[in-house]
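S.K.: No letters, just coordinates:
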């Protein structure tokens, strides 16, 4: 692995983060919503003296503990590990500003993990009141982890003017709370809470589907229908909260979405709009599928039906995370740092003094000829967080058919004014020599190897 | 409001006999067991066919076969509002319909649903599959872009290799020695008139047989005493689940059509060399690979023989394994099915490996 910039062949580092993140969101949001589900279901069972419910809930809490405690925790660490490798500069900014936030997060996280284990292992071993209290403690601690992490995640989309005014002054940390309670904080918190509640219902349907409808017909009917009701708040509120969220995003970034909607008929609409529509469609389908498969025929609700609903949830969650990430373009930290890790305020300095001179994360490969090493380092530093050489957003494909001069023209556009790419691509920074070296390097990716000595040199790399 | 609805329903019922229809649907049952999931695939295939009919009619409004074929598809894709979506949906649904039919066919095979008295259901299903493949093949040329042109050219080389009658069939389909606008006219007629005329009655026959004989039980369920078997009413239980499956299928289709819109390449130019990596659609890849594998007259005879024999055996399986009493034959039929799945998968993968794995 050629750290500090992570070269993941074919899929690119972005997708490594994406895959872990989608998986993590499905579980971590369940961890939040599921806590309330367990405790409210237990309270109902105790009030109505339903031992059969308690038996099922105990099984569900075991599944919950394993899924959230093992896979949720591991994938959570995985995300930060992956972003540290793929976006070291952005991760560094987050750590410098939110180290206190993470400390709070870890406290709640430890309480969450501990109470989840205590909740499962004390089922039937402590008094009902105490067990319920442990459940409530878990649910609240778990919700507070969302309250904290939501501030850090939304900061990346909308850091807020107060923080931006003091960025790079050395006083950023003084504006912790302004950065934390940034413009998209509240809509995002409500949106994620609704997702948590829905996922609690969806995952509970997985457990309920395992019940035999023939022998436990009434129990299965009650549990399946009670779990299905957890999707109702999202059904009614999600559209309004989504609109609220979108109106909290800066106008410039919302433009991309609006452009997509206005060009929908001609088919030129942007990827973010397409994916946004997938969220709406998949969410609506979940509700209808749950109605047809679970509510209408709860006894015949099978494990494969539950998995189908779960997969639809995965599609909606994946599309949601993708949209959020894409709305942030061309920044990785809104208005402050471009997606290539270059701070907005440093563009001129990098252009004058050189990108490689200042970037602490990229080193030239000593195995390559000097000019090619500069070009390759520029590629790793400024292109590779979004593009790969030969597969996802492949440079080979995007530059196919262009000669060296044409590639140079594209780079010149990206360096000087960026139109029409600026809505989603950061400016290319560096001295003329660095940009020329990048052009030479990119030309080797599209030129036939026999006509160019450079690819042979690259191919000779171990 | 309720009473008004009831009076409208009563008016319709008096004339159309809705109540009888509902009583019939309620009386009809669908078996419930661990393989019930596979019963939905026939319905999913039907859903994609309905999508094909709907989008096909919309495309027909602007499509012009013959010399203007490419221009009209370009117009549909780039000029007409939502034309790109209709075209993309049509193309993706064609592929998904074939996937669904293949899944349906293999699930029918492994659940032994071809046995007495369902032989005609099996045969009509096979013919419907072959006709769907023909739908796909004839539709693929219609945009007349570079990829369609050369893929059809390669595709037509397959029937041409059939001894004696092959060249005549290929020439009949092409409308001459080369693929050109006359071929487009012929494929268009085949795609929108001849095939639908043959397909629709056969589909009706197939559905009638399904209705007449009901869903077949897999051997593991058949072995159970009747009182241990479970079932659900077709209406509303199975129908509600079927609709949910259609919704999921619609989601898959919409995601593919919107996120990966079907591309239109450059206009076909017969004087140009074919672009690298040209190959037929995935459902012909197995056949393409086997034909490429065995070269020469004897090789050709061998590969054609393998496919013909395979298809004949596949068709005649109800005679080989006609009832549940013969355990040995049932096991042999299952092994034969597994072998077919393995060969089709392996040759398709190897075919793609041959096209893309050689540095294209």
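M.R.: Nice, I can see it. Source: prediction; values computed, not measured.

S.K.: residues near the closest residue to residue A:185 other than its chain neighbours, how many?
M.R.: Leaving aside its sequence neighbours, residue A:185 sits nearest to residue A:154 (Cβ to Cβ, 6 or more residues apart in numbering or on different chains; 4.9 Å). All C-beta atoms are positioned from the backbone trio N, CA, C, and that covers glycine. Residue A:154: 27 surrounding residues under other Cβ atoms under 10 Å in any protein chain shown.

S.K.: Could you check which helix or strand contains residue A:154?
M.R.: In the assignment (DSSP states H and E), residue A:154 maps to helix A:128-157.

S.K.: packing partners for the helix or strand just after that helix?
M.R.: Toward the C-terminus, helix A:128-157 is succeeded by helix A:161-165 as the next helix or strand (DSSP H and E). In terms of contacts (3 or more Cβ pairs under 8 Å, 6 or more residues apart in numbering or on different chains; DSSP states H and E), helix A:161-165 is packed against helix A:176-180.

S.K.: what's near enough to touch residue B:355?
M.R.: By Cβ atoms under 8 Å, 6 or more residues apart in numbering or on different chains, the contact list for residue B:355 reads B:277, B:278, B:279.

S.K.: so residue A:299 makes contact with residue A:213?
M.R.: Yes: using Cβ atoms under 8 Å, residue A:299 is in contact with residue A:213, at 3.4 Å.

S.K.: Look up the closest residue to the residue of the stretch 101-250 of chain B found nearest chain A, ignoring the ones flanking it.
M.R.: Of the residues in the stretch 101-250 of chain B, the one nearest chain A is residue B:244, at a distance of 3.8 Å by Cβ to the nearest Cβ. The spatially closest residue to residue B:244, leaving aside those adjacent along the chain, is residue A:292, at 3.8 Å (Cβ to Cβ, 6+ apart).

S.K.: so where is the stretch 251-360 of chain B shaky, pLDDT-wise?
M.R.: Applying pLDDT under 70 to the stretch 251-360 of chain B flags the ranges B:326, B:357-360.

S.K.: at 50 instead, please
M.R.: Under the criterion pLDDT under 50, the flagged ranges of the stretch 251-360 of chain B are B:359-360.

S.K.: Output the longest helix belonging to the chain.
M.R.: Looking at chain A here, since you left the chain open. helix A:12-47 (DSSP state H).

S.K.: that answer is for a different chain, and I need it for chain B
M.R.: helix B:327-356.

S.K.: And that one, what's buried?
M.R.: B:330, B:333, B:336, B:337, B:344, B:347, B:348, B:350, B:351, B:354, B:355 (16 or more other Cβ atoms under 10 Å in any protein chain shown).

S.K.: And those residues, which is closest to chain A?
M.R.: Of the buried residues of helix B:327-356, the one sitting nearest to chain A (Cβ to the nearest Cβ) turns out to be residue B:355, at 16.9 Å.

S.K.: wait, doesn't the residue nearest to residue B:244 sit right on residue B:241?
M.R.: Yes: between residue A:292 and residue B:241 there is a contact at 6.4 Å, judged by Cβ under 8 Å.

S.K.: can I see the domain layout of chain B?
M.R.: Taking automatic domain parsing as the criterion, chain B consists of the domains B:26-269, B:279-360.

S.K.: tell me which strands and helices whatever helix or strand residue B:54 lives in is in contact with?
M.R.: Using DSSP H and E, residue B:54 falls within helix B:40-62. Using 3+ Cβ pairs under 8 Å, 6+ apart, the elements in contact with helix B:40-62 are helix B:83-110, helix B:195-213, helix B:239-259.

S.K.: ok, 10 Å please
M.R.: helix B:69-74, helix B:83-110, helix B:119-141, helix B:195-213, helix B:239-259 (3 or more Cβ pairs under 10 Å, 6 or more residues apart in numbering or on different chains; DSSP states H and E).

S.K.: Out of these, which is closest to residue B:51?
M.R.: Minimum separation from residue B:51 across the helices and strands packed on helix B:40-62 (Cβ to Cβ) falls at helix B:83-110, 4.4 Å.

S.K.: quick one, what contacts the residue nearest to residue A:185?
M.R.: A:160, A:179-189, A:192, A:245, A:248, A:324, A:334 (Cβ atoms under 10 Å, 6 or more residues apart in numbering or on different chains).

S.K.: Kindly give a single PyMOL line that selects the buried subset of the residues you listed.
M.R.: Filtering the contacts of residue A:154 down to the buried ones (16+ other Cβ under 10 Å) takes a single PyMOL command:
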select buried, chain A and resi 160+179+180+182+183+184+185+186+187+188+189+192+245+248+324+334
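
S.K.: So which of the contacts of residue A:154 belong to helices?
M.R.: Per DSSP H, the contacts of residue A:154 map to helices at A:179, A:180, A:185, A:186, A:187, A:188, A:189, A:192, A:245, A:248, A:324.

S.K.: Which residues of the stretch 201-350 of chain B lie near chain A?
M.R.: Counting by Cβ under 10 Å from any Cβ of the partner chain, the residues of the stretch 201-350 of chain B close to chain A are B:228, B:230, B:232-233, B:236-248, B:250-252, B:254-255, B:257-261.

S.K.: Which among those count as buried?
M.R.: Buried among those (16+ other Cβ under 10 Å): B:232, B:236-248, B:250-252, B:254-255, B:257-258, B:261.

S.K.: neighbours around the nearest residue to residue B:178 once chain neighbours are set aside, how many?
M.R.: Distances taken as Cβ to Cβ, 6+ apart put residue B:270 closest to residue B:178, at 6.6 Å, once the chain neighbours are dropped. For residue B:270, the neighbour count with other Cβ under 10 Å is 11.

S.K.: What of residue A:215?
M.R.: By the criterion of other Cβ under 10 Å, residue A:215 has 8 neighbours.

S.K.: measure stretch B:222-239 end to end?
M.R.: One end of stretch B:222-239 sits 24 Å from the other (Cα to Cα, to the nearest Å).

S.K.: Kindly state the pLDDT recorded for the residue nearest to residue A:185?
M.R.: If you check residue A:154, the pLDDT there is 95.

S.K.: before we move on, what about the one 3 residues further on?
M.R.: The predicted local distance difference test score for residue A:157 is 93.

S.K.: Then the one 10 residues further on?
M.R.: In the predicted model, residue A:167 carries a pLDDT score of 91.

S.K.: Helix or strand: which one has it?
M.R.: Counting by DSSP H and E, residue A:167 is found in no helix or strand.

S.K.: wait, it sits on residue A:178?
M.R.: No: in this structure, residue A:167 is not within contact of residue A:178 by Cβ atoms under 10 Å, at 11.6 Å.

S.K.: any common contacting residues for those two?
M.R.: Joint contacts of residue A:167 and residue A:178 (Cβ under 10 Å, 6+ apart) are residue A:159.

S.K.: Among those two, which residue is more densely surrounded?
M.R.: residue A:167 (21 against 18).

S.K.: ok, and the closest non-adjacent residue to that one?
M.R.: Nearest residue to residue A:167, sequence neighbours excluded (Cβ to Cβ, 6+ apart): residue A:336, at 5.4 Å.

S.K.: returning to that earlier point: counting neighbours, go ahead and name the busier of residue A:299 and residue A:213.
M.R.: Each of residue A:299 and residue A:213 has its neighbours counted (other Cβ under 10 Å); residue A:213 has more, 22 against 19.

S.K.: Sort out which of the contacts of residue B:355 are buried, if you could.
M.R.: residue B:279.

S.K.: Now tabulate the contacts of residue B:355 in a markdown table and tack on distance to residue B:104.
M.R.: As requested, the contacts of residue B:355 are arranged in a markdown table below (distance: Cβ to Cβ, whole Å):
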| residue | distance to residue B:104 |
| --- | --- |
| B:277 | 31 |
| B:278 | 30 |
| B:279 | 25 |
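
S.K.: May I see the contacts of residue B:355 organised as a markdown table, with secondary structure added?
M.R.: A markdown table is the format used below for the contacts of residue B:355 (DSSP: H, G, I helix; E, B strand; the rest coil):
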| residue | secondary structure |
| --- | --- |
| B:277 | coil |
| B:278 | coil |
| B:279 | coil |
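
S.K.: Out of the contacts of residue B:355, the closest to chain A would be?
M.R.: residue B:277 (13.3 Å).
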